[in-house]
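Asker: any chance you could fold what I've pasted below:
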Amino acid sequence: MRTPIRAAVVAIASAAAVSAPAAAHAVPSPARPFATVTALLGTYDFGRAAVIGRAGKQAGAWKSYTVRSGFAGDDLTVTYKPRIIPLRSEKQIYTAAFNESRDAEAECRKVGDDGVARKVWVSFRCRTGFAPSYTLLVR
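Answerer: A predicted model of the protein is given here:
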């Protein structure tokens, strides 16, 4: 009787031990507040993920990025340090120009929302200029 119970306990403990490291890497723990995370930021129109990724890296929002094309658009995966405290001043990430993006305002808001959801930045706003272009500013 003890052997089947012991086998079940060992199987459950083994499953927990195998899945725990994956979960630990998904979100930084309080013990590792400066750990970097690699995660999907979002899916954007074809060609736009590369523009956003390059601009975000140049602005210092993330350490590296990769783009993978799919059926619905380009997936942008970024490596960054999660933020829970806003920057002291706004940082410009990129500008979605009206002649480069199908809907510059919607793209700016989507990138901003995706960054807040994944803790790449704490807050954002999309600033418009004279032309219908939108600049993503983050804190």
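
Asker: what residue is smack in the middle of the protein?
Answerer: Centroid-nearest residue in the chain: L41, 3.2 Å away (criterion: C-alpha atoms, centre = their mean).

Asker: whichever strand or helix holds that one packs against which elements?
Answerer: Assessed by DSSP states H and E, L41 sits inside strand 37-44. Using 3 or more C-beta pairs under 8 Å, 6 or more residues apart in numbering; DSSP states H and E, the elements in contact with strand 37-44 are helix 2-26, helix 48-59, strand 74-80, helix 104-117. Using the backbone N, CA and C atoms, a C-beta is placed for each residue, glycine as well.

Asker: quick one: distance of the third one to the chain centre.
Answerer: Here strand 74-80 shows a centroid-to-chain-centroid distance of 6 Å under the convention C-alpha atoms, centre = their mean, to the nearest Å.

Asker: same check, this time on the second one
Answerer: Using C-alpha atoms, centre = their mean, the distance from the centre of helix 48-59 to the centre of the chain it belongs to is 12 Å.

Asker: buried residues in the next helix or strand after it?
Answerer: Next helix or strand after helix 48-59 toward the C-terminus (DSSP H and E): strand 64-69. Within strand 64-69, the residues that count as buried by 16 or more other C-beta atoms under 10 Å are 65, 67.

Asker: once you drop chain neighbours, what's closest to S89?
Answerer: Nearest in space to S89, with sequence neighbours left out and distances taken as C-beta to C-beta, 6 or more residues apart in numbering, is R139 at 7.7 Å.

Asker: the one you found: how many residues sit nearby?
Answerer: Burial of R139 is recorded as 16 neighbouring residues (other C-beta atoms under 10 Å).

Asker: V78 too?
Answerer: Counted with other C-beta under 10 Å, the neighbours of V78 add up to 25.

Asker: one step back: and the residue nearest to S89, how close does it get to F98?
Answerer: The span separating R139 from F98 equals 25 Å under the rule C-beta to C-beta, to the nearest Å.

Asker: looking at the chain, which helix or strand is least sure?
Answerer: Per-element confidence for the chain was summarised using mean pLDDT, DSSP states H and E. The lowest value among helices and strands belongs to helix 2-26, with a mean of 47.
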